[in-house]
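Undergrad: Sequence isn't available, so here's the structure alone:
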């Protein structure tokens, strides 16, 4: 049964974040809040993690999973970024964006897009999400937490706790999320393609 960690949104308890992060080491899937909605996260080096996330979401292996990163410096290890892309990422992160980039060899094949060899990259602008990533010490494999067949992501644990309490190792509760998805931008295209419009306004980063 999922362990619920109730965190103060402005002054989160580090000891609880430490406990939640420890669940990942045993192959656990966690639901954590971000600046858009709840996300499902797992360790990148967990061989079964991608399958677990896709099963919970009802997705096939053509769907992009995302790497949640702490900062811009982590992105370069997992995505190929040229100078122009770097300047755009620097202006946009952290923030409500998901960028599709070419994956490096450090991204396991089971994780990136099956045919395109691309990966979604995101640096959330959310205090607790960033603290959690800092505690784990590495990027996490993630996907927006949406029930199979639905389009609206979960924004409050009251919406999913009962249905998923046996599927998740832990849930971080810090109040409701904004509820507006990220803006998804494909940077492998020239010019960059806006795949989905969300809370990020592309004009603020020159698109």
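TA: Everything's here; your move. Predicted model, so just to flag it, every value in this text is computed and none were measured.
Undergrad: ranges for the helices of this structure?
TA: Using DSSP state H, the helices of the chain run over 14-22, 49-57, 72-78, 83-92, 127-136, 161-164.
Undergrad: what's the distance between the nearest residue to residue 5 once chain neighbours are set aside and residue 91?
TA: Once flanking residues are discounted, residue 5 sits nearest to residue 16: 4.5 Å by Cβ to Cβ, 6 or more residues apart in numbering. Bear in mind the C-beta positions are built from the backbone N, C-alpha and C, glycine included. Distance of residue 16 to residue 91, given as Cβ to Cβ, to the nearest Å: 33 Å.
Undergrad: For the two, indicate the residue with more neighbours.
TA: Between residue 16 and residue 91, counted using other Cβ atoms under 10 Å, residue 16 has the larger neighbour count: 17 against 11.
Undergrad: gap between the more buried one and residue 4?
TA: For residue 16, the distance to residue 4 (Cβ to Cβ) stands at 10 Å.
Undergrad: can you check residue 82 too?
TA: 43 Å.
Undergrad: Between these two, which has more neighbouring residues?
TA: Higher neighbour count among residue 82 and residue 4: residue 4, with 15 against 10, using other Cβ under 10 Å.
Undergrad: so what's that one up against?
TA: Residues in contact with residue 4 (Cβ atoms under 8 Å, 6 or more residues apart in numbering) are 157, 161, 170, 171, 173.
Undergrad: Could you give the bridge partners of it?
TA: Assessed by DSSP bridges, residue 4 has beta-bridge partners residue 171.
Undergrad: So for it, what's the pLDDT?
TA: pLDDT, residue 4: 98.
Undergrad: again, but for residue 113
TA: Looking at residue 113, its pLDDT is 65.
Undergrad: which among the contacts of residue 4 gets closest to residue 77?
TA: Distance to residue 77 across these (Cβ to Cβ) is lowest for residue 170, with 26.3 Å.
Undergrad: what's around that closest one, how many residues?
TA: By other Cβ under 10 Å, the burial measure for residue 170, its neighbour count, is 21.
Undergrad: That one and residue 159: what is the separation?
TA: 17 Å.
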